[in-house]
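>>> Starting from these lines, generate the structure:
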Amino acid sequence: MPSVRSFPLALFALSLAACGGGRAEPAEPAPTAASPSVATLEGLARGARDAIDAARGVVFVLFTTDASDADPRADADGRIRTAERACGASLDEALARLGRDLALRFDEPEHRAALECDALRCTFPALGEYDATGELVFVRAGGRVVLDAVARVEGGGATDAFRREGAAFADAERARLAGGGCS
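Numbering: from 1, shown residues only. A predicted model of the protein is given here:
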């Protein structure tokens, strides 16, 4: 016979079972004002704008090769090196592209598992030979964490030297465009 002390625990267990509780997967922690999380990335993939400050805009950096040999942005080496602070309509377009790229990372469990957030930075690997890695850099502004910069560097089939060159380019461009905003 159960003791009087174990009765509340048994009643709680029965109520959980009746409600279908007790079997739920652990929820991803909600993003806090202190740091972004995979849930923040999932929100961006769905088009959420709570991590966006339209007055600041977002810096977008791309360093990759022109696989088509026809991209007008490519230089004489066949590399595409772009960096801009997106504002207004260009911010909407860039965030839509970012959202599509992030959504691909939530399609498969192993892709989701490769998403990492640490302090004010989230990263994701390339999904294939011509895909780019991603680095999202956040800042604290106005009591919340907002997306400051997105750097995409070719990763799948690139050499270590190419990735280092791309990372150096991304760092230099983020520094060059730091502190700006949209007018």
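
>>> which residue is nearest the centroid of the chain?
L41 (4.4 Å; CA atoms, centre = their mean).

>>> so it touches D101, yeah?
No - contact status for L41 versus D101: not in contact, 10.2 Å apart, counting by CB atoms under 8 Å. For the C-beta atoms, the positions are set from N, CA and C on the backbone; glycine is no exception.

>>> Any idea how far stretch 141-151 is from the middle of the chain?
12 Å (CA atoms, centre = their mean, to the nearest Å).

>>> actually stretch 106-113, not the one I typed
13 Å.

>>> same deal with stretch 172-183?
19 Å.

>>> what's the first-to-last distance across it?
End-to-end span of stretch 172-183 (CA to CA, to the nearest Å): 23 Å.

>>> So which bits of it are buried?
Across stretch 172-183, burial judged by 16 or more other CB atoms under 10 Å covers 173-174, 177.

>>> cool, stretch 120-131 as well?
So for stretch 120-131, counting by 16+ other CB under 10 Å, buried means 122-124, 126-127, 131.

>>> Next: stretch 50-59.
Result for stretch 50-59 [16+ other CB under 10 Å]: buried residues 51-53, 56-59.

>>> which residues sit against that stretch?
With contacts defined as CB atoms under 8 Å, 6 or more residues apart in numbering, stretch 50-59 is touched by 31, 36, 40, 43-44, 83-88, 91, 94-95, 138, 141-142, 144-150, 173-174, 177-178, 180-182.

>>> out of these, which are buried?
Counted by 16+ other CB under 10 Å, those give 31, 36, 40, 43-44, 83, 85-87, 91, 94-95, 138, 145-150, 173-174, 177 as buried.
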